[in-house]
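Trainee: I need the structure of the sequence given here:
(one chain, ligands or ions: 2)
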Amino acid sequence: MSDVTVPVKDAEPTVDGVMVDVHGVHKSFGPLEVLRGVHLQVRAGEVTVILGPSGSGKSTLLRAINHLEKVNQGWISIDGELIGYRRSGDKLHELKEKDVLKQRTHIGFVFQNFNLFPHLTVLENLIEAPVSALRRPRKEAEETARRLLDRVGLADKTDAYPRQLSGGQQQRVAIARALAVEPKVLLFDEPTSALDPELVGEVLDVIKDLARTGTTMIVVSHEIGFAREVADTVVFMDGGVVVEQGAPAAVLDNPQHERTRAFLSKVL
Ligand code: ADP
Ligand code: MG
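Mentor: Numbering: from 1, shown residues only. Ligands and ions are numbered 1, 2, ... in the order given. The predicted model follows:
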């Protein structure tokens with residue numbers, strides 16, 4: 001693995017109060033440049049909703065923040081800590097896999113298709129990471145898990161298996177599981193797009209509740225009403241860049257760019 005050389009001054013995190021800092025990130029798959037210089041800052045306690053057409057790089061960006069994709073240029077920090085690298089002298093060195101995994105425990109990820117462990121009960125899904133990655137005592141992890149399940153309205157499902165739950169219930173378990181490691185930031189990749197329409201609301205309600213309690217979140221979603229209600233910042237991505245961002249009313253009601261207008265006219 002080669003070390004990348006990013007000038008230290010350029011990788012110097014981060015303005016006070018910024019939880020997630022994405023700085024000039026490029027990512028290619030072979031000849032296809034999917035992220036072409038993404039800049040994004042998410043302040044602690046705020047909710048950012050990312051919109052954009054299919055293929056614009058939204059999932060790749062979330063995966064880069066979680067270091068599931070290694071970027072080709074630029075850097076990402078969370079709470080001032082560079083993701084995937086450590087600084088030494090004027091160079092950045094790649095972290096070892098086990099240190100990447102450790103960083104990842106501070107980042108919750110909720111996928112479109114829930115990704116629960118099918119062979120584990122709901123409770124076991126929630127205590128897996130706290131017990132095996134964070135070495136929390138099992139009893140303590142169980143108490144936290146029960147509290148979180150209560151919070152997402154599933155206190156009666158602790159012993160169920162994922163297949164016995166509706167999609168909306170599974171996604172609420174996935175959110176509780178993501179919270180179980182007390183992440184610094186929660187990333188959601190189209191958390192309601194695999195759900196039947198009548199199940200979307202219960203999942204959005206859980207995310208809204210988290211927003212009220214100051215959880216830092218980045219949510220890729222085309223639920224415009226949700227974005228309007230919950231987002232502190234709406235970001236429109238197209239072609240691997242952030243085309244525009246701002247308060248929901250500014251971006252949704254008064255977009256400055258033709259590409260944003262064209263996209264919104266299709267989803268509104
Ligand atoms: P979005 O989430 O906005 O729909 P993605 O980030 O999933 O966009 O994908 C952006 C582009 O990158 C798409 O053209 C997609 O086909 C391509 N892509 C994503 N992941 C890979 C990969 N692992 N290998 C090759 N191409 C990829
Ligand atoms: Mg996607």
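
Trainee: can we go C-alpha only for contacts and neighbour counts from here?
Mentor: Will do.

Trainee: contact partners of stretch 67-83?
Mentor: 6, 11, 13-14, 18-28, 37, 60, 63-66, 84, 100, 103-104, 184 (CA atoms under 8 Å, 6 or more residues apart in numbering).

Trainee: Kindly apply the preceding question to stretch 118-128 instead.
Mentor: For stretch 118-128, using CA under 8 Å, 6+ apart, the contacting residues are 116-117, 138, 141-142, 145-146, 157-163, 173, 176-178, 180.

Trainee: Around ligand 1, pick out the residues from the chain.
Mentor: Counting by CA under 6 Å from any ligand atom, the residues of the chain lying close to ligand 1 are 29, 34, 54-60.

Trainee: Just the buried residues out of these, in PyMOL syntax.
Mentor: To isolate the buried ones among those in PyMOL, judged by 16 or more other CA atoms under 10 Å, type:
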select buried, resi 34+56+57+58+59+60
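
Trainee: residue boundaries of the helices in the stretch 1-150 of the chain?
Mentor: Using DSSP state H, counting those that start in this stretch, the helices of the stretch 1-150 of the chain run over 58-65, 97-104, 122-132, 138-151.

Trainee: next structured bit after the longest one?
Mentor: To tie it back to what came earlier, the one meant is helix 138-151. helix 167-179 (DSSP states H and E).

Trainee: and L120, what are its phi and psi?
Mentor: phi -110, psi 150 (degrees, to the nearest 10).

Trainee: how near is it to Q164?
Mentor: Using CA to CA, to the nearest Å, L120 is found at 12 Å from Q164.

Trainee: Of those two, give the one with the bigger neighbour count.
Mentor: L120 (15 against 11; other CA atoms under 10 Å).

Trainee: where does the residue nearest to T260 when sequence neighbours are not counted land in three-state SS?
Mentor: Closest residue to T260 apart from its sequence neighbours, by CA to CA, 6 or more residues apart in numbering: F236 at 6.7 Å. With DSSP: H, G, I helix; E, B strand; the rest coil as the basis, F236 sits in strand.

Trainee: Dig out what F236 forms beta bridges with.
Mentor: Taking DSSP bridges as the rule, F236 bridges to L51, E244.

Trainee: gap between it and A211?
Mentor: For F236, the distance to A211 - CA to CA - is 20 Å.

Trainee: Looking at these two, which is more packed in?
Mentor: Using other CA under 10 Å, the more surrounded residue of F236 and A211 is F236, with 26 against 18.

Trainee: Pick out the residue closest to the middle of this protein.
Mentor: When CA atoms, centre = their mean is applied to the chain, the residue found nearest the centroid is L187 (1.2 Å).

Trainee: Does it touch I207 like I think?
Mentor: No: using CA atoms under 8 Å, L187 makes no contact with I207, being 11.0 Å away.

Trainee: thought V242 was touching V38?
Mentor: Yes: using CA under 8 Å, V242 is in contact with V38, at 6.1 Å.

Trainee: Apart from its neighbours in sequence, what residue is nearest A141?
Mentor: Nearest to A141 is I127, by CA to CA, 6+ apart, at 5.5 Å.
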